[in-house]
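**Student:** next one to model:
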Amino acid sequence: MMQRDLKGHVILVTGCTGTLGTAVCRRIASSGGTLVLLGRNIKKLEKLYDALLEFNAETPAMYPLDLLGATEKDYEELSDTLQQQMGGVHAIIHCAAELGQLSPLREMEASKFQKLMHLNLTAPVLLTQALLRIMSQQKLGVILFLGDSAVGDGKAFWGAYGVAKIGLKTYANILNAEIESQGLSAETFTPGPMRSPIRMNAYPGENLETLPSSELVADVMVERLIHQLTLSDNPLCP
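**Tutor:** Reported below is the predicted structural model:
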């Protein structure tokens, strides 16, 4: 069990009801953080909410939102709600992702390409842009995007998902260079292969039991979050 290093910090997690998202939320809850659970399926959000209460965690907040159909106005409303009801937000962890099907780019239908690019790139960017306003005001904020080691610098057949993941990493690098002087940070956390639905879909013949669990990956991810928040809280810390 981790120490309660995140007590007093509000952390929003997208894709929170997925395999990794759920594990991340459990680790944050056990570390004393106050969670904002963002997802599109209300029943799954409620189930996760109830499970987190068993950790004697800070009472989480649920925010149902479908990233596929959300607009800039929706994200601005989210930002305003977090400011008014939670006093702001200290970290965003982007766990929401969708693989689609591995196939040559030239065979992808335009509608499917646009959908996957939006879910994996445009949506997290728009959400981040909206929340940066309140993060900048409090001069404290950590944004963690989820990378995928299987994509590399651009491997064949990874389609729109691969394009989006590479674009997301570039966005995080540029954003971090622009905001680090404000006490904020943005980076891509890229775990190696792990047990997850995306990995199973991409490598259907692989024995997932030989890979690290989502819980182990979540431990490392949350430890990284704690480290970054510590630096944000103490900007002179080496």
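
**Student:** so where do the strands sit in the protein?
**Tutor:** Per DSSP state E, the chain carries strands over the ranges 10-14, 34-39, 61-64, 91-94, 141-146, 184-189.

**Student:** tell me the centre residue of the protein?
**Tutor:** residue 94 (1.3 Å; C-alpha atoms, centre = their mean).

**Student:** check which residues of stretch 153-163 are buried.
**Tutor:** Under the neighbour-count criterion of 16 or more other C-beta atoms under 10 Å, stretch 153-163 has 158-163 buried. For glycine as for every other residue, the C-beta is placed from the backbone atoms N, C-alpha and C.

**Student:** between those residues, which is nearest residue 82?
**Tutor:** Among the buried residues of stretch 153-163, residue 161 lies closest to residue 82 (C-beta to C-beta), at 28.4 Å.

**Student:** so what's the closest one closest to, chain neighbours aside?
**Tutor:** Once flanking residues are discounted, residue 161 sits nearest to residue 99: 5.1 Å by C-beta to C-beta, 6 or more residues apart in numbering.

**Student:** how about the one you found, phi and psi?
**Tutor:** Per-residue torsions, residue 99: phi -80, psi -40 (degrees, to the nearest 10).

**Student:** helices of this protein, start to end?
**Tutor:** 19-30, 42-53, 72-81, 110-117, 123-138, 159-179, 197-202, 214-233 (DSSP state H).

**Student:** who wins for proximity to residue 208 among those?
**Tutor:** helix 197-202 (6.2 Å).

**Student:** count of neighbours near residue 119?
**Tutor:** Residues lying near residue 119 (other C-beta atoms under 10 Å) number 21.

**Student:** ok, it touching residue 67?
**Tutor:** Yes: Residue 119 is in contact with residue 67 according to C-beta atoms under 8 Å; the separation is 5.9 Å.

**Student:** and the nearest residue to residue 67 once chain neighbours are set aside, how far from residue 223?
**Tutor:** In this structure, residue 67 finds its nearest non-sequential neighbour in residue 123, 4.1 Å apart by C-beta to C-beta, 6+ apart. Per C-beta to C-beta, to the nearest Å, residue 123 is found 26 Å from residue 223.

**Student:** thanks again, I'm all set now.
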